[in-house]
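J.: Got a sequence here, can you build the structure:
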Amino acid sequence: MRQFEVIFISFPGNLGNLVPTVQFARHLTNRDPRFSATILMIDICERPLVNAYIHSCAASSPHINFHHLPPVDPPSPDQYQSSLGYFCLLVEKHRPHVKQVITKLLNPTELESESNSVRVAALFVDMFCTSMIDVARELGVPCYLFFASPASFLRFMLHLPTLEAQLATDYTLDPKTELLVPKDPAAVLTIPGFTNALPPSVLPTRVLKKKNDGYFWFLHHAGRYTETDGLVVNTFRELEQHAVDSLCNGEFPPVYPIGPIVDLAGPAQWHPDRAGHESIINWLDGQTPSSVVFLCFGSLGSLSVDQLREIATGLNRAQIRFIWSIREPPKETLDLPGEYKSLQEILPDGLVDELEGIGKICGWVPQSKILGHEAVGGFVSHCGWNSVLESLWFGVRIAAWPLYAEQQMNAFQLVKESKMAVEIRLEYREGSDLVLAEEFERGLKRLMKGDDEVRKNIKQTREKSRMAISENGSSYRSLGLLIDKLAVNT
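T.: Numbering: from 1, shown residues only. Alright, predicted model coming up:
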């Protein structure tokens, strides 16, 4: 008999936020049969893959209920300057609906009470849904942050109000890039959660681009994390010992590292192009172990046509077997990347035919299935945290090529702090100078043929990641503490 209900809400329209939320809900409800979960969905009709994923999860997760919130009028264009601003305002508009759902769960009808004695244990919000903390407080429900990014980035976010003063005095705006740059070119930043000083160039674009409202939203949400009853992080202590310790200094709510929470099935069960995905796996079946490099920049990642041409030339020169997932850049701020109709139109003459002899070029793919295949020996990645955790779980070496969000900091952590990745370009971001074919080829060969230290560290971390969530592992114990807390406070 399920006794406790936990409610989740995550940033809308992005699988990178939704998937770890759903996987955490599954993890919790599978661990303790007293718990069931409700995931509140803010629907966006232009997100067909998100909708396909939800339908698949609803059919396969009997103890998780997906509740679709009523539509609201979208924010007007004069209220936001970025996609982050748009979605944060959209989330805020749903506060009355979230309150209504939780109130109904708290006050069931007499008939519902007779058939269901489930009590609301907590509301979990993600890093950009902190406006829902107000709803939880008004209704007297415990509220927890579920942070799907690394502990190091959570510590950075908590440090951001302090860093703000330093940026205001020691940095100036570069008129060419419209990014903050240090007045002293040799300046570095000491950030809690990192053992090494960081070059300012690896800070998130939203922090360095103060003319955009993204920076305001970073500050706004970070300032609210300490209002929660606990910080639940998709990481494990053995991976981020220093960062986790820096969060456990008495300044912040209790910290629960419960990862790695990864979706090992991936889109293989629900993506509409299952036949295409099967052909990729069949191709991998014919390759020798650890011979293939996988290039993928996430569900939101895309590169310019000029950059794609440099990658294609580098792949052809390196003559290393590959799978390359290519996405077309979004046409508008709120759009998602699409799929190229014809690669011949964007790659140099004849190059597509030459590349077909050594690899496969495709659209969105079942990443976890590919990383788990024995033929894959390297991963050129944007260093999104979901991708990092999947790569570590399968013990696949990473070449870091970050694009956006906190990915530059993740890449720095992997390359400079934990020595578990080789570098393509740590400070790469939209508008950067191109990574030329020669530079990419060198990084590719270093990934696939060299760097024994990275190879050794990845192998060790693979074992640690699996031990962390096994019985009596560090994350297993941490989740047990969280479950006990939820049950006691209800």
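J.: When you work out contacts or count neighbours from here on, use the C-alpha atoms and nothing else.
T.: OK.
J.: pLDDT averaged over stretch 364-380, what's the number?
T.: Per-residue pLDDT over stretch 364-380 has a mean of 93.
J.: From start to finish, how long is that stretch in a straight line?
T.: End-to-end distance of stretch 364-380 (CA to CA, to the nearest Å): 15 Å.
J.: Likewise for stretch 175-182?
T.: Termini of stretch 175-182 sit 13 Å apart (CA to CA).
J.: Contacts for it, please.
T.: 167, 170-174, 200-201, 205, 208-211, 431 (CA atoms under 8 Å, 6 or more residues apart in numbering).
J.: from these, which two are the most distant?
T.: Asp170 and Gly431 (23.7 Å; CA to CA).
J.: between those two, which one's more packed in?
T.: Asp170 (13 against 8; other CA atoms under 10 Å).
J.: The closest residue to Glu471 other than its chain neighbours: helix or strand, and which one exactly?
T.: Of all residues not flanking Glu471 in the chain, Arg477 sits nearest, at 7.9 Å (CA to CA, 6 or more residues apart in numbering). Using DSSP states H and E, Arg477 sits in helix 474-489.
J.: picking up where we left off before, could you report the neighbour count for the residue nearest to Glu471?
T.: Neighbours around Arg477, by other CA under 10 Å: 18.
J.: Could you do Gln79 as well?
T.: Neighbours around Gln79, by other CA under 10 Å: 11.
J.: Equivalent analysis for Glu92, please.
T.: Glu92: 15 neighbours (other CA under 10 Å).
J.: Next one, pLDDT for the closest residue in space to it that isn't next to it in sequence please.
T.: Closest residue in space to Glu92, ignoring its immediate chain neighbours: Ser131 at 5.9 Å, by CA to CA, 6+ apart. On pLDDT, Ser131 comes in at 97.
J.: Now do the same for Ser131: helix, strand or coil?
T.: helix (DSSP: H, G, I helix; E, B strand; the rest coil).
J.: okay but it is in contact with Leu90, surely?
T.: No. With contacts counted by CA atoms under 8 Å, Ser131 stays clear of Leu90, the gap being 10.6 Å.
J.: Overlap of the contact sets of the two?
T.: Common neighbours of Ser131 and Leu90 (CA under 8 Å, 6+ apart) do not exist.
J.: Any regions of the stretch 101-250 of the chain where pLDDT drops low?
T.: The stretch 101-250 of the chain contains residues with pLDDT under 70 at 109-117.
J.: ranges for the strands of it?
T.: 119-125, 143-147, 171-173, 180-182, 230-233 (DSSP state E, counting those that start in this stretch).
J.: what about the ones you listed, which gets the closest to Lys104?
T.: Among the strands of the stretch 101-250 of the chain, strand 119-125 sits nearest to Lys104 (CA to CA), with 10.4 Å.
J.: Remind me what that closest one packs against, helices and strands.
T.: strand 4-9, helix 95-106, strand 143-147, helix 474-489 (3 or more CA pairs under 8 Å, 6 or more residues apart in numbering; DSSP states H and E).
J.: mind listing what's buried in the second one?
T.: If I follow you right, that is helix 95-106. 97-99, 102, 105 (16 or more other CA atoms under 10 Å).
J.: Any chance of those in CSV with distance to Lys445 as columns?
T.: Output for the buried residues of helix 95-106, formatted as CSV (distance: CA to CA, whole Å):
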residue, distance to Lys445
His97, 53
Val98, 51
Lys99, 54
Ile102, 54
Leu105, 56
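J.: ok, these vs Val388, which is closest?
T.: Distance to Val388 across the buried residues of helix 95-106 (CA to CA) is lowest for Val98, with 32.1 Å.
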